[in-house]
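1. 3D model of this:
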Amino acid sequence: MTSSELFVSPQGAAWVSPEPGVTRRIMAYLPEMMMVEVAFEKGAVGALHSHPHIQASYVAEGSFEVTIDGKTETLPQGGSFIVPPNLVHGVKALERGRLIDTFTPHRAEFLK
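-> As a prediction, the model looks like this:
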């Protein structure tokens, strides 16, 4: 499938667990963009990684230690960050929290 429905209810998106203490659900997507909600237990880590997509993330709940290209900052609820293509990045939840991640283009591997 190359796109989601135009309207996606919370019940319409399945949660998956890519890493211990981390769950995510695809909120909506088109080939050019994807929005994903990611929930973290306190202390859970989104391991350092890179990908060719641009990623912009919003801290919807909690606080996170965010590392991008070797630089680390702490972001509270309401903070945001952007990751250019191919930069190594990752997060650690300092408390229970949620990120809203957007990717352009969409992450095809999330749809499998």
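2. what about residue 24, which helix or strand?
-> strand 22-30 (DSSP states H and E).
3. strands paired with that strand, and their directions?
-> strand 15-19 (antiparallel), strand 33-40 (antiparallel) (DSSP bridges).
4. ranking those strands by burial, who's on top?
-> Burial of the strands paired with strand 22-30 is given as mean neighbour count (mean count of other CB atoms under 10 Å); strand 33-40 ranks first at a mean of 20. C-beta: built from backbone N, CA, C; applies to glycine.
5. isn't residue 40 right next to residue 90, touching?
-> No - counting by CB atoms under 8 Å, no contact exists between residue 40 and residue 90, whose distance comes to 11.7 Å.
6. overlap in contacts of those two?
-> residue 46 (CB atoms under 8 Å, 6 or more residues apart in numbering).
7. Show me what secondary structure element comes after the host helix or strand of residue 92.
-> Using DSSP H and E, residue 92 falls within strand 89-93. Next helix or strand after strand 89-93 toward the C-terminus (DSSP H and E): strand 97-104.
8. Report the angle between that following strand and strand 33-40.
-> Angle of strand 97-104 versus strand 33-40, following axes from the mean of the first three to the mean of the last three CA atoms, to 10 degrees, is 160 degrees.
9. mind listing what strand 97-104 pairs with, with the direction of each?
-> strand 33-40 (antiparallel), strand 54-61 (antiparallel).
10. can you redo those strands as JSON lines with mean pLDDT and distance to residue 74?
-> Output for the strands paired with strand 97-104, formatted as JSON lines (pLDDT from 0 to 100; distance: least, CB to CB, whole Å):
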{"stretch": "strand 33-40", "mean pLDDT": "97", "distance to residue 74": "14"}
{"stretch": "strand 54-61", "mean pLDDT": "98", "distance to residue 74": "10"}
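11. Just send these back as TSV, with distance to residue 99 too.
-> What follows is the strands paired with strand 97-104, written out as TSV (distance: least, CB to CB, whole Å):
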stretch	distance to residue 99
strand 33-40	5
strand 54-61	5
